[in-house]
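*Asks:* quick check, what structure comes out for this input:
(chains A and B)
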2 protein chains.
Amino acid sequence: MNEITYKPIGIVHSSFKEPKTVPSQAAASKGSKGTLEIYPQYAEGLKDLKGVSHLILLYHFSLVKDCKLLVKPFLDDQLHGVFATRSPARPNPIGISTVRLTKIENNTVHIQDVDIVHCTPLLDIKPYVPKFDDRKNAKIGWFKDKIDKLKDARDDGRFCK
Amino acid sequence: MNEITYKPIGIVHSSFKEPKTVPSQAAASKGSKGTLEIYPQYAEGLKDLKGVSHLILLYHFSLVKDCKLLVKPFLDDQLHGVFATRSPARPNPIGISTVRLTKIENNTVHIQDVDIVHCTPLLDIKPYVPKFDDRKNAKIGWFKDKIDKLKDARDDGRFCK
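*Replies:* A predicted model of the protein is given here:
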């Protein structure tokens, strides 16, 4: 299989009009509001999200430039292998964010804790389920000495076109 | 943006030669071994995964048939909106699994807790970081009454071509 083609199911609306200053993770973007505009032909797939508090969003980093395999992530000034980072500039620039679901109105999904640039193409929505997705006692390698920087880490545009 | 095209960075090798009997989540597949064969041109991106215990894998569900927006997931016999499930048959059939990293040898990544069918195209590897990815006290909607079935839930081929 040489190429895989997807079509966006919708688009993300957020207060971040450009990558610069976007928090580097949803976990560091508490309260930032946004919406998912789901294209009408996919809206039926939103049924039964009632009572689900968090969504895993998969989306396309549409603004990144071509990736390198060694990158300086926002949390460090050293180069790391791209698969050991969460850098947006990746061979396949797919982003993942776990956000809070606050309300669904027709094909509009209201979310909080958004770390996604306005007008980002949305690929998928999955319900976040702790029994599926949490890993207690996970070890984090090079992040261990840098994780305290998370709350202040912001996109500075380094990966953009 | 109408279409987004990705190229696999490698391929998943596992003991599951077909979808039938695959555990429905990595969390219910403790100890199942597999490897990620990363194509040589991407191998440099694996640098600095030392000390990282868990990886988030994104991959393409290459065997699913065309999706419907209402599906019966493995944990229930009722129809649910596809975005309220983790069904593999989705508008964009991207899978996500958090697996254990045990060893890296050149471009081969040894993993455990694998719930992925053999020869699945791999799209991305991200380090799992609890401070980024855990959400305490998340509410899970319809899963609440079904989650106890997780340990016994297996793929039965219902979403396959």
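
*Asks:* and the contacts of the worst-scoring helix or strand of chain A on mean pLDDT?
*Replies:* Every helix and strand of chain A was ranked by mean pLDDT, DSSP states H and E. The lowest is helix A:130-133, at a mean of 92. With contacts defined as CB atoms under 8 Å, 6 or more residues apart in numbering or on different chains, helix A:130-133 is touched by A:56, A:98, B:25-27, B:86, B:98, B:133-136, B:138, B:140, B:147, B:150. Where C-beta positions appear, they are placed from N, C-alpha and C, glycine not excepted.

*Asks:* go again with 7 Å.
*Replies:* Residues outside helix A:130-133 that contact it (CB atoms under 7 Å, 6 or more residues apart in numbering or on different chains): B:Gln25, B:Ala27, B:Arg86, B:Thr98, B:Asp133, B:Ala138, B:Ile147, B:Leu150.

*Asks:* do the same with stretch A:37-47
*Replies:* With CB under 7 Å, 6+ apart as the test, stretch A:37-47 has contacts from A:9-11, A:13, A:104, A:106-109, B:69-70, B:80-84, B:91.

*Asks:* mind checking which of these are buried?
*Replies:* Neighbour counting by 16 or more other CB atoms under 10 Å in any protein chain shown classes A:9-11, A:13, A:104, A:107, A:109, B:69-70, B:80-84, B:91 among the contacts of stretch A:37-47 as buried.

*Asks:* and these, which is closest to A:Asp155?
*Replies:* Nearest to A:Asp155 among those, counting by CB to CB, is A:His13 at 17.6 Å.

*Asks:* could you point out which element follows the helix or strand where the closest one lies?
*Replies:* Using DSSP states H and E, the element containing A:His13 is strand A:10-14. Sequence-wise, the next helix or strand downstream of strand A:10-14 (DSSP H and E) is strand A:33-38.

*Asks:* most residues in a single strand of chain A, which one?
*Replies:* The residue-count maximum for a strand in chain A (DSSP state E) belongs to strand A:94-105.

*Asks:* quick one: name whatever helix or strand follows that one.
*Replies:* Where DSSP H and E defines the elements, the next helix or strand beyond strand A:94-105 is strand A:108-112.

*Asks:* contacts for that following strand?
*Replies:* A:31-38, A:46, A:55, A:99-103.

*Asks:* report the buried members of these.
*Replies:* Neighbour counting over the contacts of strand A:108-112 (16+ other CB under 10 Å) leaves A:Ser32, A:Gly34, A:Thr35, A:Leu36, A:Ile38, A:Leu46, A:Leu55, A:Val99, A:Arg100, A:Leu101 as the buried ones.
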